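S.K.: A predicted structure for the sequence below; I have some questions about it.
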Amino acid sequence: MEKAMRRREQEVWQACDELWSVCGELKNLTGEAIRSRLELLGKSRGSPNEIYRYRKTWVESRHIEQVSLNASDDPISRAARIVHEQIRAEADARIAQSLAEFSNKEILLKNALEAAKENSKNLLEEFTALQEILKKSESLKSQAEIQLKESKTKCGQLEHELSKSAMQAEIMTKNHEKLLTELKQSHINELNSINNGFDHFKKQTKERISELEARERKLGQEFSCDLNDLKLKNFNLEIVLTQKEETLKGLIEQISLQKKISSEQEEKLSSLSSILERTNNQCEKLRADALAKSKILSMIEEKNRKLTNEIKLAASRLSRMRLISGHLKNS
């Protein structure tokens with residue numbers, strides 16, 4: 001089979017092939033029919049000379065026998081053929097459209113039928129499941145009724161036990177209140193005794209501190225007097241030394257005397273240092289006593305805190321017991 005060489009020739013050959021497949025007769029391949037088919041294909045209609053020239057090449061390429069068209073080339077026959085071809089083309093288009101619509105509707109109906117079948121299947125499964133659930137709910141209902149009867153019996157027993165518990169709770173509340181009163185009284189007494197002891201200790205500590213301060217002032221005064229005496233003696237010795245400088249013997253005797261006085265002063269200073277050391281030791285002892293007293297006070301405060309916590313705990317327990325007894329009474 002030959003092929004068209006030009007684009008326009010290809011378009012005309014395509015229109016001729018379609019018309020030949022529809023009618024199968026060469027007499028129906030008129031110029032107007034080919035132009036109409038080109039228009040339906042979305043191509044330009046073209047000139048009649050062009051159409052007839054390319055129709056001839058199509059007939060030659062397809063080896064179709066040429067028949068005489070003289071009888072049918074008159075204007076009336078040609079007009080009749082044109083009208084017939086147009087009507088036939090419109091009918092073919094409508095038939096094709098109807099077939100397409102019918103196929104679409106058929107597809108939609110098939111899909112709807114499939115969906116209806118699927119829905120009916122799902123509904124049947126749901127109905128079966130609901131029947132099973134109904135059976136289960138009936139059995140659960142019977143079990144619940146039995147459990148309800150048992151619960152009512154247990155509730156009666158619990159109400160009886162609760163009444164007993166309420167009486168016991170009331171007795172325990174009274175005992176706790178009595179115990180709490182005793183604890184408060186003992187705590188108050190203990191606090192009073194601790195406060196009295198602390199006041200007494202504080203008074204003794206102040207007296208001891210005042211005594212130590214007085215003793216320290218006295219020792220300071222004695223030490224200052226001794227220092228003044230020593231200064232006066234040193235001054236006198238200097239006067240004597242200046243007066244006795246001329247004689248070596250007197251100077252030696254004065255030096256020996258000065259050494260003797262210096263030894264006495266050293267002894268006095270050593271005694272004063274020992275006194276100061278004893279005073280420092282006594283101060284350290286007083287500080288240690290004060291530290292021990294502070295530790296005792298901290299222990300007393302810790303004990304007071306523990307007693308306070310115990311009282312709070314007892315009070316919270318009492319409040320809980322009162323709350324429980326209130327609930328029991330209300331129930």
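M.R.: Right, received. Where do you want to start?
S.K.: and stretch 250-260, which residues are buried?
M.R.: Buried residues in stretch 250-260, counted by 16 or more other CB atoms under 10 Å: Q254, Q258. Quick note: C-beta positions are derived from backbone N, CA and C, even for glycine.
S.K.: and the average pLDDT for it is what?
M.R.: Mean pLDDT, stretch 250-260: 77.
S.K.: can you give me the offset of it from its chain's centre?
M.R.: Chain-centre distance of stretch 250-260: 97 Å, with CA atoms, centre = their mean, to the nearest Å.
S.K.: by contact count, what packs against the helix or strand hosting C225?
M.R.: For C225, the enclosing helix or strand under DSSP states H and E is helix 75-243. Counting by 3 or more CB pairs under 8 Å, 6 or more residues apart in numbering; DSSP states H and E, the packing neighbours recorded for helix 75-243 are helix 31-40, helix 248-330.
S.K.: and the contacts of stretch 317-331?
M.R.: E159, L162, S163, S165, A166, A169, E170, M172, T173, H176, E177, L180 (CB atoms under 8 Å, 6 or more residues apart in numbering).
S.K.: now do the contacts for the last one.
M.R.: By that I understand L180. Applying CB under 8 Å, 6+ apart, the residues contacting L180 are I311, A314, A315, L318.
S.K.: do that again at 6 Å, thanks
M.R.: For L180, the contacting residues are A314, by CB atoms under 6 Å, 6 or more residues apart in numbering.
S.K.: related to what we said a few turns ago, now the helix holding C225: average pLDDT?
M.R.: Rounded mean pLDDT across helix 75-243 is 80.
S.K.: that one to helix 31-40, inter-axis angle?
M.R.: 10 degrees (axes from the mean of the first three to the mean of the last three CA atoms, to 10 degrees).
S.K.: deepest of the helices and strands packed on helix 75-243, which one?
M.R.: helix 31-40 (a mean of 20; mean count of other CB atoms under 10 Å).
S.K.: could I have that one exported to PDB, CA atoms only?
M.R.: Provided in PDB are the C-alpha atoms of helix 31-40 (Å, rounded to 0.1, in the frame of the first residue of the first chain):
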ATOM      1  CA  GLY A  31     -16.200  15.700  -3.100                       C
ATOM      2  CA  GLU A  32     -18.800  17.100  -0.700                       C
ATOM      3  CA  ALA A  33     -18.800  13.900   1.400                       C
ATOM      4  CA  ILE A  34     -15.000  14.000   1.700                       C
ATOM      5  CA  ARG A  35     -15.100  17.700   2.600                       C
ATOM      6  CA  SER A  36     -17.700  17.100   5.300                       C
ATOM      7  CA  ARG A  37     -15.700  14.200   6.700                       C
ATOM      8  CA  LEU A  38     -12.600  16.500   6.800                       C
ATOM      9  CA  GLU A  39     -14.700  19.000   8.700                       C
ATOM     10  CA  LEU A  40     -15.800  16.300  11.100                       C
END
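S.K.: now for it, which elements pack on it?
M.R.: Using 3 or more CB pairs under 6 Å, 6 or more residues apart in numbering; DSSP states H and E, the elements in contact with helix 31-40 are helix 7-23, helix 48-62.
S.K.: just so I know, which of those lies nearest E213?
M.R.: Counting by CB to CB, E213 lies closest to helix 7-23 out of the helices and strands packed on helix 31-40; the figure is 133.7 Å.
S.K.: give the contact list for E211.
M.R.: E211 neighbours (CB under 6 Å, 6+ apart): none.
S.K.: any idea how far it is from L286?
M.R.: Computed as CB to CB, to the nearest Å, the E211 to L286 distance reads 10 Å.
S.K.: returning to what we had before: out of the helices and strands packed on helix 31-40, which is closest to E277?
M.R.: helix 7-23 (134.9 Å).
S.K.: pLDDT of that closest one, averaged?
M.R.: 86.
S.K.: still on that earlier bit, for ChimeraX, what selects the buried ones among the contacts of stretch 317-331?
M.R.: To isolate the buried subset of those in ChimeraX, counting by 16+ other CB under 10 Å, use the following:
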select :162,166,169,172,173,176,180
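S.K.: next, format the contacts of stretch 317-331 as TSV and append distance to K203.
M.R.: Shown next, in TSV, are the contacts of stretch 317-331 (distance: CB to CB, whole Å):
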residue	distance to K203
E159	65
L162	60
S163	60
S165	55
A166	55
A169	50
E170	50
M172	46
T173	45
H176	40
E177	39
L180	35
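S.K.: domain parsing for this structure?
M.R.: 1-64, 162-330 (automatic domain parsing).
S.K.: tell me which of those lies nearest to L148.
M.R.: Comparing those against L148 with CB to CB, the closest turns out to be domain 162-330 (19.9 Å).
S.K.: please state the offset of the closest one from the chain centre?
M.R.: 56 Å.
S.K.: also stretch 3-10?
M.R.: 77 Å.
S.K.: how long is it end to end?
M.R.: 8 Å (CA to CA, to the nearest Å).
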